[in-house]
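*Asks:* okay, here's the prediction I keep looking at, along with the sequence it came from:
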Amino acid sequence: DQQVKQNSPSLSVQEGRISILNCDYTNSMFDYFLWYKKYPAEGPTFLISISSIKDKNEDGRFTVFLNKSAKHLSLHIVPSQPGDSAVYFCAASRQTGANNLFFGTGTRLTVIP
Amino acid sequence: ETGVTQTPRHLVMGMTNKKSLKCEQHLGHNAMYWYKQSAKKPLELMFVYNFKEQTENNSVPSRFSPECPNSSHLFLHLHTLQPEDSALYLCASSLDPGQDNEKLFFGSGTQLSVL
């Protein structure tokens, strides 16, 4: 049973517009959430994270929003650039331990020039 | 070299073969991990090593045998695999899995095909 779900396998967005990637989780014990980005033939790389004590974290063009009551988080990319085209994985854990990290199946983002 | 390096990048093997995947991290981390990524499935944690000691084995079949000779090197020995074991195998490292808000650093993976 998947504890972290990314229900959209793919998303296409025009360059310069906003990309919104969504993630839902089922385990209310999760209190740390991360987004990883993966280019073809490369491993996932850490992008941005958020702790459950916050509802928003921003890093440049990337913002993650957390809605604990809905068990939902989203990644906003503004403005989207062609170099953002990649697969984005959502992950969640209890704070203590990278070995307790649960991943979603990923969303493939394509930014159209 | 920096980061996490995995070899080989691609591997094709028969069900009766024995092969090994290699991972090396140059980040000074203390924990190393093996993950499996099958098509349309989430990344699945297979093994965790912390300071060379195996701390996690997520019910992985014995045809997968990990080895961690030191904190910088991790191997995954493969024997008598099944076609359903075909997947991308990712190695990762982190500073200390017991710390809060730990981040994983991944290698590029080995794409394994079992014929």
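*Replies:* Alright, I've got the coordinates. Here the structure is a predicted model, which is why all the values come from computation and not from measurement.
*Asks:* what score does the residue of chain A found nearest chain B have for pLDDT?
*Replies:* At 3.2 Å from chain B, A:G43 is the closest residue in chain A, using C-beta to the nearest C-beta. The C-beta positions use only the backbone N, C-alpha and C, and glycine is treated the same way. Looking at A:G43, its pLDDT reads 91.
*Asks:* who in chain A is up against chain B?
*Replies:* With C-beta under 8 Å from any C-beta of the partner chain as the criterion, chain A meets chain B at residues A:2, A:4, A:9, A:32, A:34, A:36, A:41-46, A:49, A:51, A:89, A:95-99, A:101-105.
*Asks:* now name the helix or strand holding residue 76.
*Replies:* No chain in the question, so chain A it is. Using DSSP states H and E, A:H76 maps to strand A:72-77.
*Asks:* my bad, the chain I had in mind was chain B
*Replies:* strand B:73-79.
*Asks:* so what does that strand touch, helix or strand wise?
*Replies:* Packing contacts for strand B:73-79, counted by 3 or more C-beta pairs under 8 Å, 6 or more residues apart in numbering or on different chains; DSSP states H and E, involve strand B:18-25, strand B:31-37, strand B:44-50, strand B:64-70.
*Asks:* identify the residues contacting it?
*Replies:* B:13, B:17-25, B:32, B:34, B:46-47, B:49, B:63-69, B:85, B:89, B:91, B:112 (C-beta atoms under 8 Å, 6 or more residues apart in numbering or on different chains).
*Asks:* winner for burial among the helices and strands packed on strand B:73-79?
*Replies:* Among these, the stretch with the highest mean neighbour count (mean count of other C-beta atoms under 10 Å in any protein chain shown) is strand B:31-37, at a mean of 26.
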